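> Next one to model:
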Amino acid sequence: MTKKRKTFDDSYKLEIVKMIKDQGLTVPQVCRDQNIGETAVRRWVQQHDAEQLGQAGIGKPLTAEQQRIRQLEQENRQLKMDNDVLKKATAFFARELK
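Alright, predicted model coming up:
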């Protein structure tokens, strides 16, 4: 029988990180109390630390600001690609008209 992977929502992850950061609890202590793996919690703490420094971090963003930044970056990449396609199409049709 295979174990089903637990999933946690962002607010829960942020709550766990705040317990460690603000209340001064240790990672093993929180993991025992909440019955979750240490690796995941340590990754959440690293993600939160990276986000606080303004870096992208790893994995899915925890804070709303970082989620919005990722969304805007993705939209920016898409717009740049669309712009490149339009430039190439304009150049192609300009050559055809000559």
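> Which positions in the helix or strand where residue 84 lies come out as buried?
Using DSSP states H and E, residue 84 maps to helix 64-97. Across helix 64-97, burial judged by 16 or more other Cβ atoms under 10 Å covers residue 66. To be clear about C-beta, it is placed using only N, CA and C from the backbone, and glycine gets the same treatment.
> avg pLDDT for it?
Mean per-residue pLDDT for helix 64-97: 89.
> same question, stretch 3-21
pLDDT averaged over stretch 3-21 gives 86.
> any idea how far it is from the chain center?
14 Å (Cα atoms, centre = their mean, to the nearest Å).
> who touches it?
If you take Cβ atoms under 8 Å, 6 or more residues apart in numbering as the criterion, stretch 3-21 is touched by 25-27, 30, 34, 36, 40-41, 44-45, 48, 60-63, 67.
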